[in-house]
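1. based on what follows, work out the 3D shape:
(chains A and B)
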Amino acid sequence: MIANRAAAIGGVAATAAVLAWVLFVGLPRWYGTPAAGTIAASPAPAAAPAPAGRKIKARLFYVAPDGTRLVGVERDVPFGDSTARQATEIITAQIAPVAEPLVSAVPPGTTLRALFVTGKGDAYVDLSREVAAAHPGGSLNELLTVYTIVDALTANLPAVSAVQVLVNGQEVDTLAGHVDLRRPLANNPAWVQ
Amino acid sequence: MALGVLVLARGTETQAPPSPPVSALTVLAKDGRRAIPITSLNGQELVGLDDLAAAFQLVVHEESGAITVTSRGRTIVLTPDQALASVSGRLVSLPAPPVRTGRRWLVPIEFISRALAPIADVRLDLRKPSHLLIVGDLRVPRITAAYEALGNAARLTIDATPRTTSTVVQDTDHLTIKFDADALDAATPLLPQPVSSSLVQAVRVVDPATISVDLGPRFAAFRASAQPADQTTRLVIDLVSVQTSTDAPGTAPPAAPAAPPEAPPAFGPAAAAIHTIAVDAGHGGDDDGVRGAGGTKEKDLTLAVARRLKAAIESRLGIRVLLTRDEDRSVAVDERTSLANNNKADLFISLHANASLRKGVTGATIFSAVFPRDAEEQARASVAPERLPTFGGGLRDIELVPWDLAQFRHLDQSSAFAGILEEQLHNRVPLSPRARDAAPLRVLESANMPAVLIEMGFLSNPDQEKQLAGAEFQAALVQALYDSVLKFRDRLPAGSAR
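-> Predicted coordinates for the structure are as follows:
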């Protein structure tokens, strides 16, 4: 009798455990894509080692000579073995200082703090405070700064459809008072020559 | 320079001090009317150059003994002791030299017709006897009237020159004579002798193009006929009193030619589909915006232009203009659009100055809003009305619009206004190679009315920085914005801006 009761309790416990796994682990894995803004999926490890010496060609963006648009420049960028790691390499290359005649729309001193890509294809690029604090202002400058980051990822990574810029780990309204950064922005070729 | 000072001093010393303004010059334009004070001196009627500058967006500059008046690149030069003006290089005579009073310069009223009219890009018709200045192609006939009592009848004769049609209709206690005109050039009072009888009690101009005949208790009927002659249309109205109504010819005359559908009057609030405009001076307080190499701050520039625009629109159009800030203070983005939304503004204009990392970039750009695709879908779904129960029973359709998507349903009108702005700014201020653009601009997205953001030029370009800070550029820009508001208003049916 006691053995039967123990077997029944064990059976119920096992069933509950299976149900719990299905509910909290299995179903989210099968059906779930992380909601935009949760930025929980695919964080790029801070020190994601790329295979030594392997490079990809990426199109990076700089201020065009006429000053009103961006111009794409093909550069070698270290290979990343996942979307998030590749995105990290691209943004790191994009915000690195450049020499004349190239002019970067990203303020000097800006660094990449973190980068996440959701299953939905939204990338969250967390930049250091300099991107806002050192920004020279003006709608045009600000648009070029934002679309430098947005287009660098969306033009090179098919898995990334939109990009939201964060500053110092926080969502921000704008960098310098103009461009709305409260939502992920899609690729906009109108800002590229 | 010393000679200039001597000349100025002599010019003022020979004149008696001007008397205070005794009357006013009424400036009539398509967008409204305003008054400019007239000062009398030695039998000469004078107006202030500063008043003319405010009315016509002129730039007045005094240097080396000469007064330079500039309007859109054309120049009038006045010399304080001479009754002459150089108008785009041609000399014209004036009845008297300019007179300084305090810090102001007064010029003879004829300055308007002889010097200003030739360089203005609109027609200026000065009617000195009636102290009227007509701007543009308005129909403003001269009206003279006479009243003659004929026993138990009376005749009112009204001449309109040039020929102008009119309709006469009877209301309960008055006749309304409406002229097909924008305004009337009529003496006040209209009749040399006041009328007060049991048949007609008064004849007066009641709005820009209407005359009212106030009827007395014995009024019985009237007959009206119009007779064109040369340049004049003569309207004769015969009025009969109760006692003679059975004997008088035409005791039941047709009231008047059938009145055609009346266009709304050119002046007054009825025609205005725009009642309130929110003008947003970008940045402010701790937020300088762009800083030019010469020290110009975007926040100061936007405030200066916003104030000029408010003055121009309110004084000449009679439209209320709200500034999101009227001092150097920080204003949150949502506070800017809250002011516009809560006051039901019909138009939102955000003023900014631009910057580029390439110093050669110049020119103004007009932005309207654009939304990411996800937000557009959300906005489309949200504008569908929801049927909600109302207090006291029943249901009502309510449109719930998310705050940060409010601009979505105004995008077409915003784009239309941006197009008008581009047309009006063209040839007046330098435009960027891409003068119109659409971008996800934060301050526009919550505006629940047609909205644009204007980058007036580039403070990062040293030459343009100087230009932007100058009065001439700001006056040209404000005039273009003013004209754009007018054109946008004309495209809207009454009351439909929002």
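2. rest of the way, CA atoms for contacts and neighbours
-> Noted.
3. got any ranges where chain B has weak pLDDT?
-> Counting by pLDDT under 70, chain B has low-confidence residues at B:1-22, B:243-272, B:379-388, B:390-393, B:397-399, B:493-498.
4. show me which residues of it are close to chain A?
-> Residues of chain B that fall close to chain A, judged by C-alpha under 8 Å from any C-alpha of the partner chain: B:283, B:289-290, B:333, B:352-358, B:360-361, B:372, B:439-443, B:455.
5. skipping adjacent residues, who's closest to residue 54 in space?
-> Because you didn't say which chain, this covers chain A. residue A:79 (5.6 Å; C-alpha to C-alpha, 6 or more residues apart in numbering or on different chains).
6. ah, no, chain B please
-> residue B:312 (7.7 Å).
7. same thing with residue A:136?
-> Nearest one to residue A:136, counting by C-alpha to C-alpha, 6+ apart, is residue B:290 at 6.4 Å.
8. tell me how many other residues surround that neighbour.
-> 26 (other C-alpha atoms under 10 Å in any protein chain shown).
9. equivalent analysis for residue B:214, please.
-> The local packing of residue B:214 (other C-alpha under 10 Å) involves 20 other residues.
10. and residue A:56, how close does it get to chain B?
-> Separation of residue A:56 from chain B (C-alpha to the nearest C-alpha, to the nearest Å): 29 Å.
11. residue contacts, that residue?
-> For residue A:56, the contact set (C-alpha atoms under 8 Å, 6 or more residues apart in numbering or on different chains) comprises A:76-79.
12. give me the beta-bridge partners of the residue nearest the centre of chain A?
-> Nearest to the centroid of the C-alpha atoms of chain A, with distances taken as C-alpha atoms, centre = their mean, sits residue A:123, at 3.0 Å. Residue A:123 has these beta-bridge partners by DSSP bridges: residue A:117, residue A:163.
13. want to throw the contacts of residue A:56 into TSV with distance to residue B:435, secondary structure and pLDDT?
-> Shown next, in TSV, are those (distance: C-alpha to C-alpha, whole Å; DSSP: H, G, I helix; E, B strand; the rest coil; pLDDT from 0 to 100):
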residue	distance to residue B:435	secondary structure	pLDDT
A:76	35	strand	96
A:77	36	strand	96
A:78	39	strand	97
A:79	40	coil	96
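14. could I get those as TSV with distance to residue B:178?
-> As requested, those are exported to TSV (distance: C-alpha to C-alpha, whole Å):
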residue	distance to residue B:178
A:76	79
A:77	79
A:78	81
A:79	82
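15. of these, keep whichever come out buried.
-> Neighbour counting with 16 or more other C-alpha atoms under 10 Å in any protein chain shown marks A:77-79 as buried within the contacts of residue A:56.
16. and which of those is nearest to chain B?
-> Chain B lies nearest to residue A:77 out of the buried ones among the contacts of residue A:56, by C-alpha to the nearest C-alpha, at 25.2 Å.
17. what about chain A, any weak spots by pLDDT?
-> Applying pLDDT under 70 to chain A picks out residues A:1-52.
18. which parts of it are helices?
-> A:2-21, A:27-31, A:83-95, A:130-133, A:139-154 (DSSP state H).
19. ok, residues contacting the third one?
-> Which is helix A:83-95. By C-alpha under 8 Å, 6+ apart, helix A:83-95 touches A:42-45, A:48, A:58, A:60-61, A:77-80, A:104, A:106, A:110-112, A:114-117, A:148-149, A:152-153, A:157, A:159.
20. emit the PyMOL select command for whichever of those residues are buried.
-> Buried residues among the contacts of helix A:83-95 (16+ other C-alpha under 10 Å), as a PyMOL selection:
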select buried, chain A and resi 42+43+44+58+60+61+77+78+79+80+104+106+110+111+112+114+115+116+117+148+149+152+153+157+159
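21. isn't the residue nearest to the centre of chain A up against residue A:115?
-> Yes - look at residue A:123 against residue A:115 with C-alpha atoms under 8 Å: they come within range, at 7.1 Å.
22. now the helices for chain B?
-> B:2-13, B:49-56, B:110-111, B:117-119, B:298-317, B:333-342, B:373-383, B:411-425, B:442-445, B:462-469, B:471-491.
23. not counting its neighbours along the chain, what's nearest residue A:192?
-> In space, residue A:192 is closest to residue A:70, 4.5 Å off (C-alpha to C-alpha, 6+ apart).
24. an error on my part: the question was meant for residue B:372.
-> residue A:185 (6.4 Å).
25. specify the beta-bridge partners of that neighbour.
-> residue A:163.
26. can you count the residues close to it?
-> 25.
27. my guess is it meets residue A:160, correct?
-> No - applying C-alpha under 8 Å, one finds residue A:185 not in contact with residue A:160, separated by 10.7 Å.
28. which bits of chain A sit near chain B?
-> A:63, A:65-68, A:103, A:105, A:136-141, A:173-174, A:176-180, A:185-186.
29. quick one: buried ones out of the residues you listed?
-> Taking 16+ other C-alpha under 10 Å as the criterion, what is buried in the residues of chain A next to chain B is A:63, A:65, A:67-68, A:103, A:105, A:136-141, A:173-174, A:176-180, A:185-186.
30. which of these fall within strands?
-> Per DSSP state E, strands hold the following members of these: A:63, A:185-186.
31. re the thing from before, which among the residues of chain B next to chain A end up buried?
-> B:283, B:289-290, B:333, B:352-358, B:361, B:439-443, B:455.
32. count of residues packed around the residue nearest to residue B:54?
-> Residue B:312 has 23 neighbouring residues, counting by other C-alpha under 10 Å.
33. surely it is in contact with residue B:482?
-> Yes - with contact defined as C-alpha under 8 Å, residue B:312 reaches residue B:482; the gap is 7.2 Å.
34. and whatever residue of the stretch 151-300 of chain B ends up closest to chain A, what does it touch?
-> Proximity of the stretch 151-300 of chain B to chain A (C-alpha to the nearest C-alpha) peaks at residue B:290, 5.2 Å away. Neighbouring residues of residue B:290 by C-alpha under 8 Å, 6+ apart: A:136-138, B:297-299, B:353-355, B:459-460.
35. switch to 10 Å and redo it
-> A:135-139, A:176, B:283, B:296-299, B:352-356, B:458-460 (C-alpha atoms under 10 Å, 6 or more residues apart in numbering or on different chains).
36. how near is the spatially closest residue to residue A:191 that is not a sequence neighbour to residue B:239?
-> Distances taken as C-alpha to C-alpha, 6+ apart place residue A:69 nearest to residue A:191, at 5.2 Å, with adjacent residues excluded. Noted for residue A:69: a distance of 75 Å to residue B:239, by C-alpha to C-alpha, to the nearest Å.
37. so for those two, which sits in the more crowded spot?
-> Using other C-alpha under 10 Å as the criterion, residue A:69 and residue B:239 rank with residue B:239 on top: 24 against 20.
38. what is the more buried one paired to in the beta sheet?
-> residue B:154, residue B:222.
39. mind listing what residue 69 touches?
-> Since no chain was named, I'll use chain A. Going by C-alpha under 10 Å, 6+ apart, residue A:69 touches A:61-63, A:140-141, A:143-144, A:147, A:189-193.
40. meant chain B actually
-> Contacts of residue B:69 by C-alpha under 10 Å, 6+ apart are B:49, B:53, B:58-62, B:75-78, B:87, B:115-116.
41. and of those residues, the nearest to chain A?
-> Nearest to chain A among the contacts of residue B:69: residue B:59, at 28.6 Å, using C-alpha to the nearest C-alpha.
42. what sits opposite the nearest residue in space to the closest one that is not next to it in sequence in the beta ladder?
-> Take residue B:59 and drop its neighbours on the chain: the residue closest to it by C-alpha to C-alpha, 6+ apart is residue B:70, 5.1 Å away. Counting by DSSP bridges, residue B:70 is bridged to residue B:59, residue B:75.
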